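> my questions are about this predicted structure, shown below with the sequence.
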Amino acid sequence: MEIEQVRRRGKAVDAVIESKDQRWHCRNRITLIFGSNDVEDLETYIYTDTGIQFRTVKFHQAKSKAIEEILDNCIDEYYRGHVTEIHTTLDPDRMRVTVEDNGIGFPLDKIEQVYSEFRTGSKFKDDEVDEKGFLHRTLGQNGLGAAATCLTSDVFIARVRHYNKGKEQTYTFTDGALKISKTKPKPFKGHSGVRIEFVLSKEVYKDNVIDQDLLRKRIIDLAYNNPGLLFTFNGEKYLFKKGLFELAQKIDPVSAVLFGEESTVFETVTPKGRKAQGKIDITLAMRFDKTSEEREHRIKRIFVNTIKDKLERNVKKEKLSLVDNDVLTGMTFILGITMPNPRFESQTKRKLVRDINIEKALETFMTENMDRFIRKQKEFLDTVMERASFRHRFQELKDASKMGKKQKKQRVEKLLDANERRDRTKCSLFICEGDSAIGGLRSGRDKLYHGGIALKGKPMNVSQASIADVLANQEFADIMASIGLTIGQPVVREELRFANIVFLADSDVDGGHINTLLTNFFYTFWPELFEMGAIQMAKAPLFEVLLDKGTRFFESVKELEEFKNGGAKIKEIFRNKGLGEMSPEAWKHVMGRKSYTKIAAIDAAKARQVLDVCFGKDVNQRKSLLLDTEAAPVGDPGVVNKKKKTTKKAV
């Protein structure tokens, strides 16, 4: 198929083809070499006297990279065995930067080329090996970085002291190397090495003022990443022996752990076809803050997957699900990799190109260290499970809120409602044990302000049930609908149908158990009810004593004995087995009280702890509590053996 000819009107203007030198291209297209030339927000950390502080800073990537290129050249010489110290200063005007090392320098006749011409350097031989036969590990490979810094500087002064020749020479590059001057070579005293002093171009970078905190941060980062190499910044010294593990300790000395520190050797073939060995050093330190909501994004997938596999059985047992955030939230991973011939996506060197050797090394490293990490970090696994449980519970609460709104509108068949319509804050709901109790309550209550609802047996233990199970429980659903409560929604007292909730159970062990289960239910979902004084307990009389004039009621054996010893003339004493056997007079006695015992939680943390011991899933805690109770002396005459069969009869 032929391409159609375009019919154009008038004369077509040719594109202007230009050829720009490297200085123009570097200064006008700086983003291609050093990245963004705009000030941007960066989420990072700053070193403080006590640790590190995560925050958002204003970051200029191109300016930062221009300085890093000079530092990287010094670090490369460290890995070649020539440098032990790198000193950096920033003048008070925050524009002039000086970087100096104590390496061996390089031939003086190459200074002008190295700092003013691209593709000039000493690191193009990818097959060079060190004295141990391993490929050299270096950051600079393209011969661009230092020259790009010089070409985008107003002033760039390079002093090179060549160790092998014993001479030094200084070159001054002005206005992006548009003007070049030099001193005569001469002998030097003291250390050899390279010193670079420069002021970045305001024309190129728009603002050539250097952020002192970010430069200091970068130098400290390099010190942590290169243990054994001394860095200084404006006189402050930074030298670390354990490197990244010391950084983790600075972040959090308590939870910091050294995950692993290993070297991996691999076989490779150089561009010239020669067989060679490469060595990759990997260090991973971490800290875990279970109170933090921050999440680490740069973690090898195997870490998350291994944690999920380890907890799979527990997750299934608890009917939960694990997501990445459960594992990664609060984690800070500090990963250091030293390798030969790293390939970056661009001159900014922010991201490595995919490399099969580093991927294999990372997988081996993680696999070999995960088991040891898991064995030593049991608390971390517990926290991951807690997060999954909390997230699951949060979703259940959202679902409960929706269902609760529907339940509020439904009529409760079992509810004996109060007749008050205007001010429901005066109304009290009595939660009774058994349907038979409702009959007595009906006869003894104040119809205007008293309501009642009966329980059928013992209520559910909500500590060992899901929210879905609680919602599906008809008795709790009726109680919530009667009062106007919704799981997951805070209590608004004025919106409640009953402002007071009174437990009324038999005066025996089972009745006490019912009261504690109800307490657990309300405190689990609405602890604020206890602060309001809304949760109360009414005690039913255990004994009815018929006198010459009227009847007296007593709640315990002790009270009865004290009354009998007082010499009162008693006709008969009746013992109530439960609420269903109480006389109408006893019901009027109970319902006629002006107030009942309020259940208060003075210490919220202790209250939850006690309820968790009594009703939680940890059986061992409950056993310990019961054994302690059984070991205590029993001398209370009010304690009645529940196995003894009693009926309502004269005592």
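Arrived safely. Numbering: from 1, shown residues only.
> so Gly452 lies in a strand, does it not?
Yes - checked against DSSP: H, G, I helix; E, B strand; the rest coil, Gly452 lies within a strand.
> look at it and report its pLDDT.
As predicted, Gly452 sits at a pLDDT of 94.
> Val204 too?
95.
> for the stretch of helix or strand it belongs to, packing partners?
Here Val204 sits within helix 202-205, counting by DSSP states H and E. Packing partners of helix 202-205 (3 or more CB pairs under 8 Å, 6 or more residues apart in numbering; DSSP states H and E): helix 61-79. Heads up, the C-betas are built off the backbone N, CA and C, glycines and all.
> so how far is the helix holding Val204 off the chain centroid?
How far helix 202-205 lies from its chain's middle: 41 Å, per CA atoms, centre = their mean, to the nearest Å.
> residues in contact with it?
27, 30, 37, 60, 62-63, 66, 152, 154, 176, 208 (CB atoms under 8 Å, 6 or more residues apart in numbering).
> between all of the residues you listed, which two are separated the most?
The span of those, defined through CB to CB, is set by His60 and Gly176 at 18.3 Å.
> pull out the buried positions in the helix holding Val204.
204-205 (16 or more other CB atoms under 10 Å).
> now whichever helix or strand comes after that helix: buried residues?
On the C-terminal side of helix 202-205, the closest following helix or strand by DSSP H and E is helix 212-225. For helix 212-225, the neighbour count (16+ other CB under 10 Å) marks 214-220, 222-225 as buried.
> and the angle from helix 212-225 to helix 61-79?
Interaxial angle, helix 212-225 versus helix 61-79 (axes from the mean of the first three to the mean of the last three CA atoms, to 10 degrees): 30 degrees.
> chain center to helix 212-225: distance?
Relative to its chain's centre, helix 212-225 lies at 25 Å (CA atoms, centre = their mean).
> so what are the sheet partners of the helix or strand that comes right after that helix and their directions?
The C-terminal neighbour of helix 212-225 among helices and strands, as given by DSSP H and E, is strand 230-233. Strand pairing for strand 230-233, determined by DSSP bridges: strand 85-90 (parallel), strand 236-238 (antiparallel).
> what's the most buried one of those?
strand 85-90 (a mean of 20; mean count of other CB atoms under 10 Å).
> ok, and what's touching the helix or strand that that one is followed by?
Heading C-terminal from strand 85-90, the first helix or strand you meet, by DSSP H and E, is strand 96-101. Applying CB under 8 Å, 6+ apart, the contact partners of strand 96-101 are 67, 70-71, 74, 77, 83, 85-91, 155, 193-199, 210, 215.
> ok now do the closest residue to Phe530 other than its chain neighbours, which residues does it touch?
Distances taken as CB to CB, 6 or more residues apart in numbering place Ala601 nearest to Phe530, at 4.8 Å, with adjacent residues excluded. By CB under 8 Å, 6+ apart, Ala601 lies in contact with 523, 527, 530-531, 607.
> which SS state does the nearest residue to Phe615 once chain neighbours are set aside fall under?
Nearest in space to Phe615, with sequence neighbours left out and distances taken as CB to CB, 6+ apart, is Ser463 at 3.9 Å. Ser463 falls in the helix class when you classify it by three-state DSSP.
> my guess is Ser463 contacts Val610, does it?
No - if you go by CB atoms under 8 Å, Ser463 and Val610 don't touch, sitting 11.5 Å apart.
> quick one: the helices in the stretch 501-650 of the chain?
Along the stretch 501-650 of the chain, the stretches classed as helices by DSSP state H, counting those that start in this stretch are 509-525, 528-531, 557-564, 584-591, 604-615, 619-631.
> quick check: which of the ones you listed is nearest to Ala148?
Comparing those by CB to CB, helix 604-615 comes nearest, at 59.8 Å.
> now the angle between helix 509-525 and the closest one, please.
Using the same axes, to 10 degrees: helix 604-615 against helix 509-525 is 130 degrees.
> near Arg96, how many other residues are there?
Applying other CB atoms under 10 Å, we find 18 other residues in the vicinity of Arg96.
> please apply the same query to Leu200.
Residues near Leu200, counting by other CB under 10 Å: 25.
> over to it: give its phi and psi.
The phi and psi torsions at Leu200 (degrees, to the nearest 10) take the values phi -70, psi 150.
> got the contact list for it?
63, 66, 95, 149, 152-154, 208, 210.
> re earlier: please determine how far the residue nearest to Phe615 is located from Asp603.
Counting by CB to CB, to the nearest Å, the gap from Ser463 to Asp603 is 19 Å.
> higher neighbour count, those two?
Ser463 (15 against 9).
> isn't Cys432 right up against Leu455?
Yes - if you go by CB under 8 Å, Cys432 and Leu455 touch, sitting 6.8 Å apart.
> who's more crowded, these two?
Between Cys432 and Leu455, counted using other CB under 10 Å, Cys432 has the larger neighbour count: 27 against 23.
> the more buried one bridge partners, please.
Applying DSSP bridges, one finds that Cys432 bridges with Ala454, Leu504.
> and it, what does it touch?
438, 441, 452-455, 504-505, 579.
> could you do Phe615 as well?
Contacts of Phe615 by CB under 8 Å, 6+ apart are 461-464, 517, 520.
> closest to the centroid, which residue in the chain?
The residue lying closest to the centre of the chain (CA atoms, centre = their mean) is Gly330, at 2.7 Å.
> so it touches Phe288, yeah?
Yes - using CB under 8 Å, Gly330 makes contact with Phe288 at a distance of 5.8 Å.
> now do the shared contacts for those two.
Joint contacts of Gly330 and Phe288 (CB under 8 Å, 6+ apart) are Thr383.
> who's sitting farthest from the centroid in this structure?
Asp548 (71.9 Å).
> so it sits against Lys571, correct?
Yes - using CB under 8 Å, Asp548 is in contact with Lys571, at 6.9 Å.
> how is the protein divided into domains?
Domain ranges of the chain: 18-241, 243-409, 411-631, per automatic domain parsing.
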